[in-house]
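S.K.: quick one, fold the following:
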Amino acid sequence: MSGDERIASWIASKSDENFSAVPIGSGFLSVMRKGGAKFTAVAIGVADVVTLAHVEPLFLRPDRQPEFVVNVPSKAIWTGSAVDFIHGAPAAFGTFGELMRGSRDEPVSSYRNKEYSFFERAFNQHTAVREVARVYDKVFTLSRFGAMPDVTVVLVDAYDMSAEDVRNARDLYGHFDAALKMSSYGAVTSAAVQAAEAMGAEAFKFGEFLGRLNKR
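M.R.: Numbers count the residues shown, from 1 in each chain. Next comes the predicted model:
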């Protein structure tokens, strides 16, 4: 599978004095950035869910290994298997905006979404957690020590987490045990708590969730 030439051309049209992208065929781009070395990116145009089958073929050519896989539109979600494969390449992934941010990193392949990385690191460092598995870009399954059951948590990007935020997360990602508000500001509304309970789940702020992981 090749990348998306149409998306690559669109990205190239966004070039400016700090970021210059030139299509080089099959959806690949040669990218120059101010103050950094040239790197290779590849554009895809998956509308809903980016899977391993979408990304694995992009790395088959030894002479053209992308350091960044960029997907447009930004609303698409990424499966954990796709993310793990890209990171293992090694490469980075994300939206066009993240490509712009990632182009400031050296090497570009080391770019990681800071918010996702913060939570993933916190989960891995929790004393009750034995293993962290990524299900989707914002969904993780936490395997805990002893007889405590696994917990699947979805990250919710909302200032005040509402019932609609919780329902949207369920529609987008399917089953989860906990909805975790990403922002340290704002609140988890009582309606969000009730909506989660109706699904057999719970809704938390960050500190509350870390405490909950110690309990069965």
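
S.K.: mind listing the strands for this structure?
M.R.: 19-25, 28-33, 39-44, 49-50, 68-71, 77-78, 92-94, 129-136, 139-144, 151-156, 178-181, 202-204 (DSSP state E).

S.K.: so which of these comes closest to residue 190?
M.R.: For residue 190, the closest of the strands of the chain is strand 202-204, at 9.5 Å, according to CB to CB. Quick note: C-beta positions are derived from backbone N, CA and C, even for glycine.

S.K.: the strands of the chain: which one's closest to residue 103?
M.R.: That would be strand 28-33 among the strands of the chain, by CB to CB, at 4.4 Å.

S.K.: what's that closest one packed up against?
M.R.: helix 5-12, strand 19-25, strand 39-44 (3 or more CB pairs under 8 Å, 6 or more residues apart in numbering; DSSP states H and E).

S.K.: what's the most buried one of the ones you listed?
M.R.: Ranked by mean neighbour count, the helices and strands packed on strand 28-33 are led by strand 39-44 with a mean of 23 (mean count of other CB atoms under 10 Å).

S.K.: picking up where we left off before, closest one to residue 91 among the helices and strands packed on strand 28-33?
M.R.: strand 39-44 (8.9 Å).

S.K.: so which residues make contact with stretch 147-162?
M.R.: 115-116, 119, 123, 128, 135, 138-144, 165-166, 169, 173, 175-183, 185-189, 191-192, 203, 209, 213, 216 (CB atoms under 8 Å, 6 or more residues apart in numbering).

S.K.: and those residues, which are buried?
M.R.: 116, 119, 123, 128, 135, 138-142, 144, 165-166, 169, 173, 176-182, 188-189, 191-192, 203, 209, 213 (16 or more other CB atoms under 10 Å).

S.K.: can you tell me how far residue 215 is from residue 182?
M.R.: 22 Å (CB to CB, to the nearest Å).

S.K.: now residue 194
M.R.: Counting by CB to CB - residue 194 and residue 182 are separated by 20 Å.

S.K.: residue 30 bridge partners, please.
M.R.: Note on residue 30: beta-bridge partners residue 22, residue 40, judged by DSSP bridges.

S.K.: what about it, how many neighbours?
M.R.: 15 (other CB atoms under 10 Å).

S.K.: separation between it and residue 13?
M.R.: Taken as CB to CB, the span from residue 30 to residue 13 is 15 Å.

S.K.: lovely, talk soon.
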